[in-house]
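Chemist: requesting a structural model of the entry that follows:
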Amino acid sequence: MARRKNARRPRWFVVTVLLILGYFGTMIVSQGIYLFHVRAEQRAASERLTAAQEENDRLQAEKNASWGTAVH
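Modeler: Numbering: from 1, shown residues only. Sure thing, here's the model as predicted:
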């Protein structure tokens with residue numbers, strides 16, 4: 001009887017360890033997907049910022065040209 005109990009314990013232990021590893025595996029995949037989307041959004045925001053800065057520079061130059069003043 002004692003031998004039968006010992007044979008079951010490692011199975012439950014293995015199952016528990018596999019469940020924990022599976023959980024952490026899914027969390028790693030989930031975080032990877034999330035970070036991929038964050039990088040894509042950051043890239044898009046950076047492009048929008050660059051475009052807005054170029055537009056701002058163009059408008060500042062236009063304003064200064066119309067007033068005949070130097071850039072501050």
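Chemist: got the phi/psi numbers for the residue most central in space within the chain?
Modeler: When Cα atoms, centre = their mean is applied to the chain, the residue found nearest the centroid is Leu35 (2.0 Å). Dihedral angles of Leu35 (phi, psi; degrees, to the nearest 10) stand at phi -70, psi -30.
Chemist: now do Ile33
Modeler: Main-chain torsions, Ile33, degrees, to the nearest 10: phi -60, psi -40.
Chemist: picking up where we left off before, distance check, the residue nearest to the centre of the chain against Arg43.
Modeler: Separation of Leu35 from Arg43 (Cβ to Cβ, to the nearest Å) stands at 13 Å. Every C-beta, even on glycine, is put in place using the N, C-alpha and C of the backbone.
Chemist: likewise Phe24?
Modeler: Per Cβ to Cβ, Phe24 is found 29 Å from Arg43.
Chemist: in the chain, which spans are helices?
Modeler: Counting by DSSP state H, one finds helices in the chain at the ranges 2-67.
Chemist: show me the shaky parts of it.
Modeler: Low-confidence segments of the chain (pLDDT under 70): 1-9, 69-72.
Chemist: tell me how many other residues crowd Asn64.
Modeler: For Asn64, the neighbour count with other Cβ atoms under 10 Å is 13.
Chemist: can you pull the contacts of Ser46?
Modeler: Taking Cβ atoms under 8 Å, 6 or more residues apart in numbering, we find Ser46 in contact with no residue.
Chemist: same question for Val38.
Modeler: Taking Cβ under 8 Å, 6+ apart as the definition of contact, Val38 has no neighbours.
Chemist: distance of it from Gln60?
Modeler: 32 Å.
Chemist: for Ala44, same thing?
Modeler: 25 Å.
Chemist: and what of Leu18?
Modeler: 62 Å.
Chemist: what do you get for Val15?
Modeler: Remark: distance between Val15 and Gln60 (Cβ to Cβ) = 66 Å.
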